[in-house]
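Peer 1: need a structure here:
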Amino acid sequence: MHEKIYPYAVTDEKTVEIFLNDDNCSMGHVILKPEDEIQEHSTDSNVYLLIIRGELTVTLNKMETKTFGQGAVVNVPYGTLMGMKNSSPNVMELFAFKSPNPSNYR
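Peer 2: Sure, this is the predicted structure:
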């Protein structure tokens with residue numbers, strides 16, 4: 001077999017994890033309970049947020065705030081200041097794809 005399996009947390013508790021980190025890309029997994037948030041930070045690669053459960057409110061460069069729901073794929077360019085918050089009454093879950101892997105970003 002040539003495939004690799006990358007397990008990730010299956011829970012409703014707050015989770016921030018990177019479960020795939022190879023030469024090609026990095027993949028993270030985030031679960032936020034209502035009112036949980038991720039501090040503002042600059043993106044270290046091109047980031048694609050795939051929201052699979054709930055709603056996510058994203059603030060970009062301290063100016064633009066938008067809310068996205070289940071099924072949305074949000075692209076956040078390299079170097080963007082980004083903050084994330086679950087402002088809904090339900091658990092929010094997403095996968096974050098970074099390409100290229102931040103360690104290989106040029």
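Peer 1: Any regions of this structure where pLDDT drops low?
Peer 2: Along the chain, segments meeting pLDDT under 70 span 106.
Peer 1: what about the helices in the protein?
Peer 2: Secondary structure of the chain (DSSP state H): no helices present.
Peer 1: Okay, and the beta partners of the residue nearest the centre of it?
Peer 2: In the chain, the centroid-proximal residue (C-alpha atoms, centre = their mean) is A96; its distance is 3.5 Å. Beta-bridge pairing of A96 under DSSP bridges involves G28, L49.
Peer 1: That one: what's it in contact with?
Peer 2: M27, G28, H29, V30, V47, Y48, L49, L50 (C-beta atoms under 8 Å, 6 or more residues apart in numbering). (Each C-beta comes from the backbone N, C-alpha and C, glycine too.)
Peer 1: Would you show me how to pick out the buried ones of those residues in ChimeraX?
Peer 2: To isolate the buried ones among those in ChimeraX, judged by 16 or more other C-beta atoms under 10 Å, type:
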select :27,28,29,30,47,48,49
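Peer 1: which of the contacts of A96 lies closest to D36?
Peer 2: In terms of C-beta to C-beta, no member of the contacts of A96 lies closer to D36 than V30, at 9.3 Å.
Peer 1: Tell me the spacing between that closest one and D23.
Peer 2: V30 sits 23 Å away from D23 when distances are taken as C-beta to C-beta, to the nearest Å.
Peer 1: what's the answer for I31, then?
Peer 2: 27 Å.
Peer 1: same thing with T43?
Peer 2: 19 Å.
Peer 1: Would you mind telling me which of these two has the busier surroundings?
Peer 2: Between T43 and D23, T43 has the larger neighbour count (other C-beta atoms under 10 Å), namely 18 against 8.
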